[in-house]
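S.K.: Okay, here's the prediction I keep looking at, along with the sequence it came from:
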Amino acid sequence: VFYVPVDNENLMAEPVYRTSSLRDKVRGLVVDDFSYNRDIHKLLLEREGVQVNLANNGKEALERYKAQGNKFYDFIMMDVQMPEMDGFTAAKEIRNWEMENNWRKVDIYFVSGEYYNDREIMADLKAKGQLDETSGVRCLRKPIDVELVRKIVEKYFNRRKQSINLLSYLTESKEDVNKG
């Protein structure tokens, strides 16, 4: 499905956040078989300071996800209908791999030209056995809403900030104990 973001003026507006050391650590994987859609998602996310990796289909996404090492993806934005492996199958394989490897669950955003109600589609996927674990799975509709993308990125920025604040607090507390 070829599409253009909902609000082109918003797309070309200044990014809400400048790239910072915190932003650099937010990582996303964009998966779509249509290069134009991948490029639009990449543009939107990079303008907000996200480090973006790309995959052409679900099989490639699974391979990239497994190979991420200690640089965790914060989220995956994945098309639903793709050749080789569709988004639902890729999500199921990702969840299976996470469980087998005791890996934290990545948030997955299905992106589609069809309207998907989160609860309905997740219940349907569970009932069909296509996806056993649906926590952290959401649906986004094409054309993509630029403001919604910004809110999604904000969520991960805030998580990073909280993690860094907690790490600083724990480090300072340990130093205080060692001094005393």
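M.R.: Received, thanks.
S.K.: any low-confidence regions in the chain?
M.R.: Across the chain, the ranges flagged by pLDDT under 70 are 1-24, 115-118, 122, 125, 128-136, 163-180.
S.K.: how about the strands of it, start to end?
M.R.: 27-31, 51-55, 75-79, 107-112, 137-141 (DSSP state E).
S.K.: Any chance of a markdown table for the ones you listed, columns mean neighbour count and distance to residue 154?
M.R.: C-beta coordinates here come from the backbone N, C-alpha and C atoms, glycine included. Output for these, formatted as a markdown table (neighbours: other Cβ atoms under 10 Å; distance: least, Cβ to Cβ, whole Å):
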| stretch | mean neighbour count | distance to residue 154 |
| --- | --- | --- |
| strand 27-31 | 25 | 13 |
| strand 51-55 | 18 | 16 |
| strand 75-79 | 26 | 12 |
| strand 107-112 | 22 | 13 |
| strand 137-141 | 19 | 15 |
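S.K.: CSV for those, including distance to residue 121?
M.R.: Below are those laid out as CSV (distance: least, Cβ to Cβ, whole Å):
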stretch, distance to residue 121
strand 27-31, 17
strand 51-55, 21
strand 75-79, 13
strand 107-112, 8
strand 137-141, 6
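S.K.: of all those strands, which lies closest to residue 37?
M.R.: Closest of these to residue 37 is strand 75-79, at 6.8 Å (criterion: Cβ to Cβ).
S.K.: Could you list the paired strands of the closest one along with their orientation?
M.R.: strand 27-31 (parallel), strand 107-112 (parallel) (DSSP bridges).
S.K.: Kindly format the C-alpha coordinates of it as CSV.
M.R.: The C-alpha coordinates for strand 75-79 follow below in CSV (Å, rounded to 0.1, in the frame of the first residue of the first chain):
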residue,chain,number,x,y,z
PHE,A,75,10.2,-1.1,19.3
ILE,A,76,9.4,-2.6,15.9
MET,A,77,7.1,-1.0,13.4
MET,A,78,6.0,-3.8,11.1
ASP,A,79,3.8,-4.1,8.1
